[in-house]
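*Asks:* no sequence for this one, just the structure:
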């Protein structure tokens, strides 16, 4: 059996890094030279998708997908999100517009996954950032888990997956 | 959708427009940066629905990147391009390396144009576009 | 249908009509619709295997209750032995402190015996104390009533150790399970949380993830929380109490949506395998 988890978020939020940390296989990447270094200073950016796997032996595997974060690649998002058990939205709070990004990604991805299967992970955030995100989520009248997490830290990522598992277990009871 | 202002190599749009006129059955041409920004396009007349060159440019780049990963996974060696075949025609994408910059050239042909002719036309266009990008 | 276990520990009888009051054992009334009639248990038709298993489990629990031998649910990481003896049923220290925090007035307290002291900074959202261990401080707070703490006149910051206010309030509230049961333990009330707790930072217990998922996804009773998490009723109440204390906004709703009780085994298997891999 295959479970699918999608990592979403703007460019430079750590999607490829997170998949690299979690994956048991060498991740598949579709990187190209980044022409927007004035926005996020990194040499390359994902233009197709990232792919990794958590291998679970006889039970199956978890496929990890990363989307390209720029809006010009939004045509890839529904393709990648289809059938996902959950979406982990990574946001870098040091980026100016991360709150707007949360709103926009939540709007877009809620078309394909329900809010409970959507986990928000704030990198480089403070308690105030957390509160701001919780307020925004509350205004939209959904309950969306929001956490502080560093995409380089396996424990943080495991915790996010744990939240998705709990949600999936509860969802299975409701379907 | 694409907000970045890229400096378009002078004359590239004209080159693309001329090529569309020159080759029979060629519907449109566009050039995009490897990270999905439109550099120039020929415009198109055949599509009834609204045509968003920016969006097609990003799609062409993702398509090429995925083709590259697939080829890598299946040990196909260096990828030069990829193709899409539909009932109404065919699209060919070609990677262009110009100095340190990478581009994607996309060409769309009517269905009456066979694979050989389309690839031959694409090779000629590729040479002209490469020359233009080097200037 | 009449089910008698081999050892004749109890008799479970399912019937389409009420049994006489002289009947000894547990009776299950089979109904097309649920009613409020006073009888032991009811089951909606059609009665499926998993519903029957649930009824058997419930019946087993009730018989065990009758024998006054209630097994403790394993949740030692939530409740400590000292809590059982020290916790007050009518007062919540966590609520008291949370209220002081909301008033946004920094304050310092010292114990009557002049040993322990603590202060809180509502702006930075931290507690400071001369006690090094957060668990020790929580234990002290649980042990003593408000009157035990004098407001300290000097505003010097003597406390050397600093703890996150929300984290401390969360843990404190989780340990006030008797109070929580008293306040939250209404069988008919249906609850929902508006925000997820920061479990990784506060208290990383798997059962709390399940409770967060449940009450975050839907409005549910305490009983549903017990079934989903495997925790005791008072610990489920303590979870809601803790959510309330740290401002996660617990709503009381009108009704609970129905769930099926058994998801597909295949789906569960892969989730279990993933949990094992993650070390949960």
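*Replies:* Arrived safely. The structure presented is a predicted model; accordingly, all values stated were derived computationally and were not measured.
*Asks:* spell out which parts of chain A neighbour chain B.
*Replies:* A:28-36, A:45, A:47-49, A:68, A:70-73, A:75-76 (Cβ under 8 Å from any Cβ of the partner chain). All C-beta spots, glycine's among them, are computed from the backbone N, C-alpha and C.
*Asks:* give me the buried subset of these.
*Replies:* Among those, those classed as buried by neighbour count (16 or more other Cβ atoms under 10 Å in any protein chain shown) are A:28-32, A:34-36, A:45, A:47-49, A:68, A:70-73, A:76.
*Asks:* ramachandran angles for residue A:37?
*Replies:* Main-chain dihedrals, residue A:37, degrees, to the nearest 10: phi -70, psi -20.
*Asks:* give me the number of neighbouring residues for it.
*Replies:* 11 (other Cβ atoms under 10 Å in any protein chain shown).
*Asks:* and if you look at residue C:255?
*Replies:* Per other Cβ under 10 Å, the neighbour tally for residue C:255 reads 8.
*Asks:* that one: what's it in contact with?
*Replies:* C:190, C:219 (Cβ atoms under 8 Å, 6 or more residues apart in numbering or on different chains).
*Asks:* and it, how far from residue C:190?
*Replies:* According to Cβ to Cβ, to the nearest Å, residue C:255 stands 6 Å off from residue C:190.
*Asks:* do residue B:53 as well
*Replies:* Going from residue B:53 to residue C:190 by Cβ to Cβ gives 54 Å.
*Asks:* of the residues of chain A next to chain B, which belong to strands?
*Replies:* The members of the residues of chain A next to chain B that map onto strands under DSSP state E are A:31-33, A:45.
*Asks:* can you lay out those as a markdown table showing distance to residue C:246 and pLDDT?
*Replies:* Shown next, in a markdown table, are those (distance: Cβ to Cβ, whole Å; pLDDT from 0 to 100):
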| residue | distance to residue C:246 | pLDDT |
| --- | --- | --- |
| A:31 | 41 | 88 |
| A:32 | 44 | 89 |
| A:33 | 46 | 89 |
| A:45 | 38 | 92 |
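*Asks:* and chain C, which of the residues you listed contact it?
*Replies:* When contact is defined as Cβ under 8 Å from any Cβ, those do not meet chain C at all.
*Asks:* tell me the one of those nearest chain C?
*Replies:* Distance to chain C across those (Cβ to the nearest Cβ) is lowest for residue A:31, with 27.4 Å.
*Asks:* my guess is the closest one contacts residue A:46, does it?
*Replies:* Yes. Counting by Cβ atoms under 8 Å, residue A:31 touches residue A:46, with 6.1 Å between them.
*Asks:* which of the residues in stretch C:175-194 are buried?
*Replies:* Neighbour count says stretch C:175-194 has C:175-185, C:190-194 buried, by 16+ other Cβ under 10 Å.
*Asks:* quick check: end-to-end length of it?
*Replies:* Criterion Cα to Cα, to the nearest Å; first-to-last residue distance in stretch C:175-194 is 22 Å.
*Asks:* stretch B:98-115 now?
*Replies:* 26 Å.
*Asks:* how about that stretch, does it reach chain A?
*Replies:* Yes. If you take Cβ under 8 Å from any Cβ as the test, stretch B:98-115 does meet chain A, through B:100-102.
*Asks:* and stretch B:51-71, by the same measure?
*Replies:* Yes. Using Cβ under 8 Å from any Cβ, stretch B:51-71 reaches chain A at B:54-55, B:58-59, B:61-63, B:65-66, B:68-69.
*Asks:* pull the distance from that stretch to the chain's centre.
*Replies:* Distance, stretch centre to chain centre, for stretch B:51-71: 9 Å (Cα atoms, centre = their mean, to the nearest Å).
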